[in-house]
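> For reference, the sequence and a predicted model appear below.
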Amino acid sequence: QVQLQESGPGLVKPSQTLSLTCTVSGGSITTNYYYWSWIRQPPGKGLEWMGAIAYSGSTYYSPSLKSRTSISRDTSKNQFTLQLSSVTPEDTAVYYCSGGVGLGTYDYWGRGTQVTVSS
């Protein structure tokens, strides 16, 4: 069974870069046709897809966040990472990593990690 676990700091200061890692177990992030996404949910709001990295290493980003977002991977550790630059308090949210077969599918989810942007 595929399991995902987010990790990273829970508090980030404004203007800094938020960095989160998702560790995948029970399956390889290079398995054909799997896409690995970052999704967030600000308080009182719905889920927002931020971007994804494919089994091939190709990346896809939400147009609204593309200028500040970078997703990469470490295949030796079976991990993928989110970096969000120039954060503001509006980036405060629960951040989830997810994986599925095909872009836009979310078969597996991490538990989520709370990130607060505050000085």
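Perfect, I can see it now. None of these values were measured; they are calculated from a predicted model. Residues are numbered from 1 along each chain as shown.

> Please make it C-alpha for all contacts and neighbour counts, starting now.
Noted.

> Might one say that Tyr55 is in contact with Ser72?
No. Using CA atoms under 8 Å, Tyr55 makes no contact with Ser72, being 11.4 Å away.

> more neighbours, the two?
Under the criterion of other CA atoms under 10 Å, the comparison of Tyr55 against Ser72 puts Tyr55 first, with 20 against 17.

> burial of the nearest residue to Tyr96 once chain neighbours are set aside, as a residue count?
Excluding the flanking residues, the one nearest Tyr96 by CA to CA, 6 or more residues apart in numbering is Gly112, at 4.4 Å. Gly112 has 20 neighbours, counted by other CA under 10 Å.

> Can you give me the distance of Gly112 to Gln1?
In this view, Gly112 and Gln1 are 18 Å apart by CA to CA, to the nearest Å.

> Ser118 too?
Distance, Ser118 to Gln1, by CA to CA: 37 Å.

> Equivalent analysis for Pro42, please.
As defined by CA to CA, Pro42 lies at a distance of 29 Å from Gln1.

> Which one's more surrounded, these two?
Here Pro42 and Gln1 are compared on neighbour count by other CA under 10 Å; more neighbours surround Pro42, at 17 against 6.

> Enumerate every residue touching that one.
Contact analysis of Pro42 by CA atoms under 8 Å, 6 or more residues apart in numbering lists Glu90, Asp91, Thr92, Ala93, Val94.

> Helix, strand, or coil at Thr21?
Secondary structure of Thr21, reduced to three states by DSSP: H, G, I helix; E, B strand; the rest coil: strand.

> distance of it from Leu47?
Thr21 is 19 Å from Leu47, where distance means CA to CA.

> what are the ranges of the helices in this protein?
Counting by DSSP state H, no segments of the chain form helices.

> Just give the nearest non-adjacent residue to the residue nearest to the spatial centre of the chain, would you?
Central residue of the chain (CA atoms, centre = their mean): Trp38, 2.7 Å from the mean position. Nearest residue to Trp38 in three dimensions, chain neighbours excluded: Cys97, at 4.6 Å (CA to CA, 6+ apart).
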